[in-house]
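Visitor: Sequence and computational prediction follow.
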Amino acid sequence: MRSSGVAVLIALGTLSSLGGGLLGPVYPIFLVNRLSASLVDVGALTAIFGLVAALLKVPAGRLVDQWGKERVYCLGISMAAACSLSYIFVSALPHLYIIETLYGIAYAFQGPALLAITMEMSERGRRGFLLGTFESFYDISASVAALVAVIIVSRFGFEWLFAMCSGCQASAGLFVVRFGRSRSA
């Protein structure tokens with residue numbers, strides 16, 4: 001694999017990770033402070049997201065095979081960007097149950113598509129190295145995002161954070177579109 005391919009995957013993984021990673025550490029605080037959610041609500045919302053994503057990853061993988069990895073990834077990341085932005089407008093706890101269900105669907109689309117993109121860009125004999133590099137940068141981005149999220153919320157508020165999450169996710173989608181066009185040209 002060319003080093004430009006590794007750079008593409010690192011950038012894509014970083015943007016994807018920031019999109020969700022910025023939200024993760026402060027989400028429970030948002031729920032409790034803004035919506036007076038209980039601990040049960042925090043757990044239930046997290047479980048809904050995770051279960052929906054887990055149950056839909058196999059059908060999403062089939063869609064990757066039928067529609068193409070770039071198209072399915074862009075669908076998932078676009079949905080995630082819309083979900084992140086929609087947190088700004090939440091006024092009641094039931095709205096979050098809808099958003100978390102949609103976010104789980106979005107995440108289910110992203111996972112298999114991103115793995116397929118990564119596997120296609122790797123050479124046999126170096127796949128483990130590429131996957132390890134991708135995963136390391138993904139996790140580093142999520143770790144940095146945790147610190148950045150706290151700073152953003154404490155200085156600018158949740159709205160700015162949700163807009164940044166959405167922007168990172170939209171950028172990842174545009175990145176895949178651009179990457180897909182450059183490969184087919």
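Guide: Looks like it came in fine.
Visitor: Now stretch 47-65: average pLDDT?
Guide: Taken as a whole, stretch 47-65 carries a mean pLDDT of 97.
Visitor: secondary structure class for the most far-flung residue of the chain relative to its centre?
Guide: Centroid-distance maximum for the chain: G125 at 28.2 Å, with C-alpha atoms, centre = their mean. Recorded secondary structure, G125: coil (DSSP: H, G, I helix; E, B strand; the rest coil).
Visitor: same question, S91
Guide: With three-state DSSP as the basis, S91 sits in coil.
Visitor: what's the distance between it and C165?
Guide: Going from S91 to C165 by C-beta to C-beta, to the nearest Å gives 19 Å. In this view, the C-beta of every residue, glycine as well, is placed from N, C-alpha and C.
Visitor: Centre of the chain to the helix-or-strand element of the chain with minimal mean pLDDT, how far?
Guide: When the helices and strands of the chain are scored by mean pLDDT, DSSP states H and E, helix 3-21 comes last with a mean of 78. Counting by C-alpha atoms, centre = their mean, to the nearest Å, helix 3-21 is centred 11 Å from the centre of its parent chain.
Visitor: got it, and stretch 9-22?
Guide: Put simply, stretch 9-22 sits 7 Å off its chain's centre (C-alpha atoms, centre = their mean).
Visitor: got a list of contacts for that stretch?
Guide: 77, 80-81, 84, 107, 110, 114, 117-118, 121, 130, 133-135, 137-139, 141-146, 148-149, 152, 161, 164-166, 168-169, 171-172, 175-176, 179 (C-beta atoms under 8 Å, 6 or more residues apart in numbering).
Visitor: Which one of S91 and C165 is surrounded by more residues?
Guide: Higher neighbour count among S91 and C165: C165, with 26 against 8, using other C-beta atoms under 10 Å.
Visitor: pLDDT value on the more buried one, please?
Guide: Reported pLDDT for C165: 92.
Visitor: show me what contacts it?
Guide: By C-beta under 8 Å, 6+ apart, the contact set of C165 is 18-20, 22-23, 81, 84-85.
Visitor: Quick check: PyMOL command selecting the buried ones in those.
Guide: Of those, the buried ones can be selected in PyMOL as follows, counting by 16 or more other C-beta atoms under 10 Å:
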select buried, resi 18+19+20+22+23+81+84+85
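Visitor: which one of the contacts of C165 sits closest to A44?
Guide: Ranked by distance to A44 (C-beta to C-beta), the contacts of C165 are led by L23 at 17.1 Å.
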